[in-house]
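Asker: Take a look and give me a structure for this.
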Amino acid sequence: QVQLVESGGGLVQAGGSLRLSCAASGTIFSIDDMAWYRQAPGKPRELVASISASGSTNYADSVKERFTISRDSAKKVLFLEMNRLRPDDTAVYFCNAHLKKWYSDLGLRIYWGRGTQVTVSS
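Answerer: As a prediction, this is how the structure comes out:
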(Lines give C-alpha, C1' and ligand atoms only; values in the text may rest on other atoms or scores of the structure.)
Protein backbone atom coordinates (compact mmCIF):
# COMPACT_ATOMS: atom_id res chain seq x y z
CA GLN A 1 0.00 0.00 0.00
CA VAL A 2 1.23 3.48 -0.85
CA GLN A 3 0.82 6.33 1.62
CA LEU A 4 1.46 10.05 1.32
CA VAL A 5 1.60 11.78 4.68
CA GLU A 6 1.73 15.56 4.93
CA SER A 7 3.10 17.49 7.89
CA GLY A 8 4.12 21.02 8.82
CA GLY A 9 0.81 22.82 8.70
CA GLY A 10 -0.38 25.10 11.44
CA LEU A 11 -1.46 28.58 12.44
CA VAL A 12 0.73 31.50 11.43
CA GLN A 13 0.34 35.27 11.25
CA ALA A 14 0.22 37.05 7.92
CA GLY A 15 3.72 37.62 6.63
CA GLY A 16 5.02 34.49 8.32
CA SER A 17 6.43 31.27 6.92
CA LEU A 18 5.73 27.55 7.03
CA ARG A 19 7.40 24.53 5.52
CA LEU A 20 5.23 21.60 4.49
CA SER A 21 6.55 18.09 3.97
CA CYS A 22 5.03 15.05 2.32
CA ALA A 23 6.58 11.64 2.85
CA ALA A 24 5.77 8.81 0.48
CA SER A 25 6.01 5.24 1.73
CA GLY A 26 5.03 1.72 0.75
CA THR A 27 5.61 -0.22 -2.42
CA ILE A 28 7.00 2.36 -4.85
CA PHE A 29 9.16 1.66 -7.89
CA SER A 30 9.45 5.24 -9.08
CA ILE A 31 7.79 8.63 -8.61
CA ASP A 32 7.15 10.95 -11.55
CA ASP A 33 5.44 14.30 -11.03
CA MET A 34 4.59 15.47 -7.52
CA ALA A 35 2.47 18.43 -6.56
CA TRP A 36 0.82 20.44 -3.84
CA TYR A 37 -2.84 21.31 -4.08
CA ARG A 38 -4.98 23.26 -1.68
CA GLN A 39 -8.67 23.60 -0.93
CA ALA A 40 -10.21 26.46 0.97
CA PRO A 41 -13.72 26.16 2.47
CA GLY A 42 -16.37 26.41 -0.20
CA LYS A 43 -13.84 26.46 -3.03
CA PRO A 44 -12.60 23.81 -5.45
CA ARG A 45 -9.23 22.17 -5.01
CA GLU A 46 -6.55 24.09 -6.88
CA LEU A 47 -2.99 23.38 -7.96
CA VAL A 48 -0.42 25.31 -5.93
CA ALA A 49 2.84 24.00 -7.38
CA SER A 50 4.22 20.95 -9.13
CA ILE A 51 7.64 19.44 -9.71
CA SER A 52 8.71 16.82 -12.21
CA ALA A 53 11.14 13.98 -11.62
CA SER A 54 13.80 16.05 -13.34
CA GLY A 55 13.12 19.05 -11.11
CA SER A 56 11.11 21.28 -13.42
CA THR A 57 8.67 23.37 -11.43
CA ASN A 58 5.38 25.10 -12.05
CA TYR A 59 3.51 27.52 -9.78
CA ALA A 60 0.08 29.07 -9.54
CA ASP A 61 0.28 32.80 -10.22
CA SER A 62 -0.99 33.55 -6.71
CA VAL A 63 2.03 31.90 -5.05
CA LYS A 64 4.86 32.77 -7.45
CA GLU A 65 7.80 34.50 -5.75
CA ARG A 66 6.44 33.40 -2.32
CA PHE A 67 6.35 29.59 -2.39
CA THR A 68 9.07 27.13 -3.39
CA ILE A 69 8.48 23.47 -4.17
CA SER A 70 11.29 20.95 -3.92
CA ARG A 71 11.79 17.23 -3.49
CA ASP A 72 14.27 14.75 -2.12
CA SER A 73 13.82 11.93 -4.59
CA ALA A 74 16.09 9.53 -2.72
CA LYS A 75 14.03 9.88 0.45
CA LYS A 76 10.72 10.22 -1.43
CA VAL A 77 9.86 13.48 0.30
CA LEU A 78 8.18 16.53 -1.18
CA PHE A 79 8.48 20.01 0.34
CA LEU A 80 6.70 23.33 0.06
CA GLU A 81 8.42 26.37 1.53
CA MET A 82 5.81 29.07 2.03
CA ASN A 83 6.89 32.64 2.74
CA ARG A 84 5.02 35.94 3.09
CA LEU A 85 1.86 34.03 3.85
CA ARG A 86 -1.47 35.80 3.42
CA PRO A 87 -4.91 35.10 4.87
CA ASP A 88 -6.09 33.91 1.45
CA ASP A 89 -3.49 31.13 1.62
CA THR A 90 -5.63 29.53 4.34
CA ALA A 91 -6.63 26.08 3.16
CA VAL A 92 -6.05 22.37 3.54
CA TYR A 93 -2.91 21.51 1.59
CA PHE A 94 -2.75 18.13 -0.15
CA CYS A 95 0.20 16.23 -1.54
CA ASN A 96 -0.19 14.47 -4.89
CA ALA A 97 2.09 11.97 -6.60
CA HIS A 98 2.10 10.16 -9.93
CA LEU A 99 4.04 6.96 -9.51
CA LYS A 100 4.69 3.38 -10.49
CA LYS A 101 4.28 0.77 -7.79
CA TRP A 102 5.87 -1.92 -9.87
CA TYR A 103 8.39 -1.93 -12.70
CA SER A 104 5.76 -3.67 -14.80
CA ASP A 105 3.16 -0.90 -14.42
CA LEU A 106 2.16 0.34 -17.86
CA GLY A 107 1.01 3.71 -16.61
CA LEU A 108 1.26 5.99 -13.62
CA ARG A 109 -0.93 5.68 -10.55
CA ILE A 110 -2.17 8.80 -8.79
CA TYR A 111 -2.12 9.06 -5.02
CA TRP A 112 -3.25 11.77 -2.59
CA GLY A 113 -2.39 12.53 0.99
CA ARG A 114 -5.06 13.37 3.54
CA GLY A 115 -4.01 16.98 3.84
CA THR A 116 -2.62 19.37 6.39
CA GLN A 117 -4.36 22.53 7.55
CA VAL A 118 -2.69 25.89 7.02
CA THR A 119 -4.35 28.86 8.69
CA VAL A 120 -3.04 32.40 8.21
CA SER A 121 -4.39 35.04 10.56
CA SER A 122 -4.55 38.71 9.64
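Asker: CA atoms for contacts and neighbours, from now on please.
Answerer: Will do.
Asker: pretty sure Gly15 is touching Arg84, no?
Answerer: Yes. With contact defined as CA atoms under 8 Å, Gly15 counts as touching Arg84 (4.1 Å).
Asker: where does Asp88 land in three-state SS?
Answerer: For Asp88, the reduced secondary structure class is helix; criterion used: DSSP: H, G, I helix; E, B strand; the rest coil.
Asker: neighbours of the nearest residue to it once chain neighbours are set aside, just the number please.
Answerer: The spatially closest residue to Asp88, leaving aside those adjacent along the chain, is Val120, at 7.6 Å (CA to CA, 6 or more residues apart in numbering). Summarising burial for Val120: neighbours were counted as other CA atoms under 10 Å, giving 20.
Asker: Can you say which helix or strand has Val120 in it?
Answerer: strand 116-121 (DSSP states H and E).
Asker: Quick check: neighbours of that strand in the sheet, parallel or antiparallel?
Answerer: Partners of strand 116-121 in the sheet, by DSSP bridges, are strand 10-13 (parallel), strand 91-100 (antiparallel).
Asker: beta partners of the residue sitting nearest the centre point of the chain?
Answerer: Nearest residue to the geometric centre of the chain (CA atoms, centre = their mean): Trp36, 2.7 Å. Trp36 has the following beta-bridge partners by DSSP bridges: Ala49, Cys95.
Asker: ok, it touching Phe94?
Answerer: Yes. With contact defined as CA under 8 Å, Trp36 and Phe94 form a contacting pair (5.6 Å).
Asker: chain center to stretch 88-99: distance?
Answerer: The chain centroid and the centroid of stretch 88-99 are separated by 5 Å under CA atoms, centre = their mean, to the nearest Å.
Asker: Fine by me, we can end here.
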